[in-house]
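>>> mind folding the following:
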Amino acid sequence: MAPTAKETALLGDAAKLELIEEMTTGFARVQEQVLAAILERNNGAEYLRRHGMEGRTDRESFKSRVPVVTYEDLRPEIERIANGDRSNIISSHPITEFLTSSGTSAGERKLMPMVEDDQDRREMISSLLMPVMNLCVISQHNRRFF
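Numbering: from 1, shown residues only. Predicted structure coming up:
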């Protein structure tokens, strides 16, 4: 599994670029691991129980049981959370904040529920961004492009 956001922040640029390479080269394996971790962490969520996941963490069970949905399909669950319902509706972890979409659909911004781990993921992405940008700046300065 990938290092935590705090562990990643302590890595040097070269190690961060290696991590990006590893994660993108083995993207299928990484995505399987991420899905399994998400399903395991949220096996008590009402939404997954409703679709018969019952603790399953494999991709095939997820694909065969949980339908592809739109925001509108999930709006009732999101509104329940926004209105104060603290039960495990879509996540086994408490919703700690809502982000809003930057664009609008039908004149209305969308609410995106976040859990505490999401902040760590945003920090990790941010810490991985600078080595890539530094590589681009060096490449442009030396007139080399990757």
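>>> all contacts plus neighbour counts: C-alpha atoms, from now on.
OK.
>>> which residue ranges of this protein form helices?
Along the chain, the stretches classed as helices by DSSP state H are 5-9, 13-25, 27-41, 46-50, 59-65, 71-82, 116-141.
>>> how far off helix 116-141 does the second one point, in degrees?
Taking axes from the mean of the first three to the mean of the last three C-alpha atoms, to 10 degrees, helix 13-25 and helix 116-141 form an angle of 110 degrees between their directions.
>>> how far is helix 13-25 from where the chain is centred?
18 Å (C-alpha atoms, centre = their mean, to the nearest Å).
>>> before we move on, what about the fourth one?
With C-alpha atoms, centre = their mean as the basis, helix 46-50 stands 19 Å off its chain's centre.
>>> report the backbone C-alpha coordinates of that helix in PDB.
The C-alpha coordinates for helix 46-50 follow below in PDB (Å, rounded to 0.1, in the frame of the first residue of the first chain):
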ATOM      1  CA  GLU A  46     -26.100   1.700   4.500                       C
ATOM      2  CA  TYR A  47     -25.500   2.300   0.700                       C
ATOM      3  CA  LEU A  48     -23.300  -0.700   0.300                       C
ATOM      4  CA  ARG A  49     -25.500  -3.000   2.400                       C
ATOM      5  CA  ARG A  50     -28.500  -1.900   0.300                       C
END
